[in-house]
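In: Sequence plus predicted model, see below.
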Amino acid sequence: MSKYRKQVNKCLEKMRFGDESGLKELFSCTLQNMLGVAKWYLYDKSFAEDVVAETYEKAARSISSFDCKQDGYNWLYTIAKNTAFTYNEKHGKITQSELSAAELLCPKARLPPPTLGLTRERQLSRSANPTGK
């Protein structure tokens, strides 16, 4: 396990045993990585910040389920990823991975680049008629 991942585990262990400084340390050492995870799925930084805030809240609420012998970074990453998926479902956003899957299924469709704020239906209709006519 890398030095970084050990540091994440140490922060999670502190949280698990009731040390409030663990959450602050976890936040400072993982914030940029978690923002990157959220941006990968959401595109919009303001939405990513919401997802990351919710990720830390969920981690704090479910810290008792964390096994200190496992990789804490992967645990936190999974929470962030699942939170982003839930956000996408609630708000009808298209993720980069969904666009990639669509391109694999229909490589000739030439989907337009993702556009912020478009619903899944609107994005798909634009790909069916890219000229807008």
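Out: Now that the structure is in, tell me what you want to look at. Just so you know, these numbers come straight off a predicted model, no measurement behind them.

In: Report the secondary structure element holding the nearest residue to residue 55 once chain neighbours are set aside.
Out: Computed as Cβ to Cβ, 6 or more residues apart in numbering, the closest residue to residue 55 that is not its neighbour in sequence is residue 80, at 4.3 Å. Quick note: C-beta positions are derived from backbone N, CA and C, even for glycine. Remark: residue 80 resides in helix 72-91, with elements defined by DSSP states H and E.

In: circling back to that earlier point, pretty sure the residue nearest to residue 55 is touching residue 34, no?
Out: Yes. Under the criterion of Cβ atoms under 8 Å, residue 80 is in contact with residue 34, at a separation of 5.1 Å.

In: Please enumerate the shared neighbours of those two.
Out: Residues touching both residue 80 and residue 34 (Cβ atoms under 8 Å, 6 or more residues apart in numbering): 52, 55.

In: If you count neighbours, what's buried in the longest helix along the chain?
Out: Assignment by DSSP state H gives helix 21-42 as the longest helix of the chain. Within helix 21-42, the residues that count as buried by 16 or more other Cβ atoms under 10 Å are 22-23, 25-26, 30, 33-35, 37-39, 41-42.
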